[in-house]
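Chemist: Here's my sequence, what's the structure:
(one chain, ligands or ions: 2)
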Amino acid sequence: MQYRNMPGSDEKLSALGFGCMRLASNGKGLLSSIDTEKATVQIRHAIDNGVNYLDTAYPYHNGASESFLGEYILKDGYREKVNIATKLPCFIINKQQKIEEIFNKQLEKLNVDFIDYYLLHSLDGHTWDKMVSLDIIPFMDRIKAEKRVHRMGFSFHGTYDAFIRIVDSYDWDFCQVQYNIIDENFQAGIRGINYAASKGLGVIVMEPLKGGILAGNIPKDIQEIYSSSKSNWSPAEWALRWVLDNPNVTMVLSGMNDDKHIAENLRIASESLPNSMKEHERKTISDVRNKYLELMEVGCTGCGYCMPCPVGINIPGAFKDLNNYKMFSKASAKLSHMAYTGIITDDGKSHWTKDCIDCGKCEKACPQGIEVRREFLKVQKHLEGPCVKGLARFARLFFKKH
Ligand code: SF4
Ligand code: SF4
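Modeler: Ligands and ions are numbered 1, 2, ... in the order given. From the prediction side, this is the model:
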């Protein structure tokens, strides 16, 4: 296994972390139905082969992921071999006392005295402001001082500007961001990664395969580009190698439940050193990215030059969802659009493309010459039907009450 240093320390993290969101399931259809026997063998096999980081969170597997780790994994000497990372579910917290309550519950479920890496889960600008108003900063200082948490960080799904603001608002040890060959400029993106690293934060990458999309049933044109390369790698290997090629990336997370994938990922993480990709391999990735952009409904690169929109529409986010709808899974594109347009936004309000006031500012700024307002009609047709909007309204009311 390859290890990378946490910035400013000699602490070494394995280049591959085990994501515990999609553990082996016993097939009974419930989210919480972890196949405990299979998942235990798989996780311990990964630890025995050098993985020293398990990433879980309060809601994973309907709350069963943390309990599973506490009950099955973090014993028999394995607690000492591995860092445990879990997350405070900021999106369901509206009262200060809930913070301590949930944190204590997590320690209990994991059956540990301290958490190695603790994250505020899924921050954006709005959630961060809410957590600050609930005195999260003194809380984080206190749990670190009490040594109940060793490293403090946050996972992020918001705009680049919000990311920079959050990085600058606390003395974080690390952050966790979405990054893959298509999302190079989405959310925090490469600019955010470089900024976090320049501030001494460890950078943990999630969604390197974009939820499996970049490794599964990929478009024929993309497969042809990969096949024409001298490097005979699977699409998953290309995607993981590209992330690990970045020297500012401390670790890549993979949610694993298949023996073959675990073996493949362990090998890739051992081999993929920073700056190890050859020029022709980087060119292949660039060709793949360009082909994906070509296949997309809208040629939006996610650069964000059109932002901010005066009425708060996430323009690159809307186009990303539209492209995902056309190229990949319609259902997950709708779900993502509903979540990040209708529920989890920087100011907590929905910002549908129909709210556009026709100022035209974005179109003047777009280097790709995209007719934003015309493309919005497709977003409205495919992603903003009454069902999506209604569900988003219901979810906002639900979160307000809890
Ligand atoms: S034209 Fe619409 S989407 Fe573009 S900046 Fe103005 S309000 Fe926002
Ligand atoms: S400026 Fe154009 S390419 Fe860049 S994010 Fe906005 S719409 Fe996309």
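
Chemist: alpha carbons only for contacts and neighbour counts from here, please
Modeler: Fine.

Chemist: Under a three-state scheme, what state does the closest residue to ligand 2 within the stretch 151-300 of the chain occupy?
Modeler: In the stretch 151-300 of the chain, the residue that lies nearest ligand 2 is residue 300 (3.8 Å; C-alpha to the nearest ligand atom). Following DSSP: H, G, I helix; E, B strand; the rest coil, residue 300 is assigned to coil.

Chemist: Please list all residues in contact with the single nearest residue of the stretch 101-250 of the chain relative to ligand 1.
Modeler: In the stretch 101-250 of the chain, no residue comes nearer to ligand 1 than residue 159, which is 15.2 Å away by C-alpha to the nearest ligand atom. By C-alpha atoms under 8 Å, 6 or more residues apart in numbering, the contact set of residue 159 is 124, 125, 187, 188, 346.

Chemist: Produce a ChimeraX select command limited to the buried residues of these.
Modeler: Here is the ChimeraX command that selects only those of those that count as buried (16 or more other C-alpha atoms under 10 Å):
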select :124,125,187,188,346
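
Chemist: ok, which pair from the contacts of residue 159 is furthest apart?
Modeler: Among these, the pair separated by the greatest distance (C-alpha to C-alpha) is 188 and 346, at 13.6 Å.

Chemist: overlap in contacts of these two?
Modeler: The contact sets of residue 188 and residue 346 overlap at 158, 159 (C-alpha under 8 Å, 6+ apart).

Chemist: per-domain residue ranges of this structure.
Modeler: As given by automatic domain parsing, the domain ranges for the chain are 3-277, 315-401.

Chemist: lowest-confidence stretch among those domains?
Modeler: When mean pLDDT is averaged over each of these, domain 315-401 scores lowest at a mean of 86.

Chemist: residues touching residue 55, list them.
Modeler: Residues in contact with residue 55 (C-alpha under 8 Å, 6+ apart) are 17, 18, 19, 20, 84, 85, 86, 253.

Chemist: Give me the contact list for stretch 12-22.
Modeler: Residues outside stretch 12-22 that contact it (C-alpha under 8 Å, 6+ apart): 1-6, 43, 46, 50-57, 60-61, 65, 244, 250-257, 265-266, 269-270.

Chemist: Just the buried ones among those residues, please.
Modeler: 1-4, 6, 43, 46, 50-57, 60-61, 65, 244, 250-257, 265-266, 269.

Chemist: And the strands in this structure?
Modeler: For the chain, strands defined by DSSP state E occupy the ranges 3-5, 12-14, 16-19, 53-55, 83-88, 115-123, 149-156, 174-178, 202-206, 251-255.

Chemist: Give me the buried positions along stretch 149-165.
Modeler: Residues of stretch 149-165 classed as buried: 149-160, 162-164 (neighbour count, 16+ other C-alpha under 10 Å).

Chemist: Which ones among the contacts of residue 159 map onto helices?
Modeler: Using DSSP state H, the members of the contacts of residue 159 that fall within helices are residue 125.

Chemist: Quick one: residues contacting residue 241.
Modeler: Neighbours of residue 241 in contact, by C-alpha under 8 Å, 6+ apart: 268, 269, 272, 277.

Chemist: any idea which of these is closest to residue 396?
Modeler: Nearest to residue 396 among the contacts of residue 241 is residue 269, at 39.7 Å by C-alpha to C-alpha.

Chemist: got the residues of this protein near ligand 1?
Modeler: Applying C-alpha under 6 Å from any ligand atom, one finds that the chain approaches ligand 1 through 309, 310, 311, 313, 356, 357, 358, 359, 360, 361, 362.

Chemist: Run a quick neighbour tally on residue 194.
Modeler: Number of residues near residue 194 (other C-alpha atoms under 10 Å) recorded here: 18.
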